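Chemist: Got a predicted structure plus its sequence, pasted below:
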Amino acid sequence: MTQLKDGLNGTRADDMQVSGNHYKEMPVQPWAVMEAVLTREEFVGFLKGNVIKYSMRAGRKEGSDDAGKAKHYLMKLNEIQAK
């Protein structure tokens, strides 16, 4: 199985977190659970919705890295669609 890599640093979406460590400290990432319990179509929709949400919010919420979050969800979406 080929994983798409971030062209800048070669990391996968699962290997990074934007804005803190609150998810990385969990034994299982929330989107790993979502991927397991949702259909592929539902999970892709969840990822697309978050790309849209964070892209539209970028630059509007002080102290938030919404552009980084949008990129993170887009990386995960690309990885899922490459499977």
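Modeler: Nice, I can see it. Numbering: from 1, shown residues only.
Chemist: Now the residue most central in space within the chain: phi and psi?
Modeler: In the chain, the residue lying closest to the centroid (CA atoms, centre = their mean) is Tyr73, at 2.7 Å. Phi and psi for Tyr73, reported as degrees, to the nearest 10, are phi -70, psi -40.
Chemist: what's near enough to touch the nearest residue to it once chain neighbours are set aside?
Modeler: Leaving aside its sequence neighbours, Tyr73 sits nearest to Asn50 (CB to CB, 6 or more residues apart in numbering; 4.3 Å). (C-beta placed from N, C-alpha, C; glycine too.) Taking CB atoms under 8 Å, 6 or more residues apart in numbering, we find Asn50 in contact with 69-70, 73.
Chemist: Dump those into CSV; add pLDDT and distance to Tyr23 as well.
Modeler: Below are the contacts of Asn50 laid out as CSV (pLDDT from 0 to 100; distance: CB to CB, whole Å):
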residue, pLDDT, distance to Tyr23
Lys69, 89, 12
Ala70, 92, 16
Tyr73, 93, 13
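Chemist: Pick the one among those residues closest to Pro30.
Modeler: Taking CB to CB as the measure, Pro30 lies nearest Tyr73 of the contacts of Asn50, at 12.3 Å.
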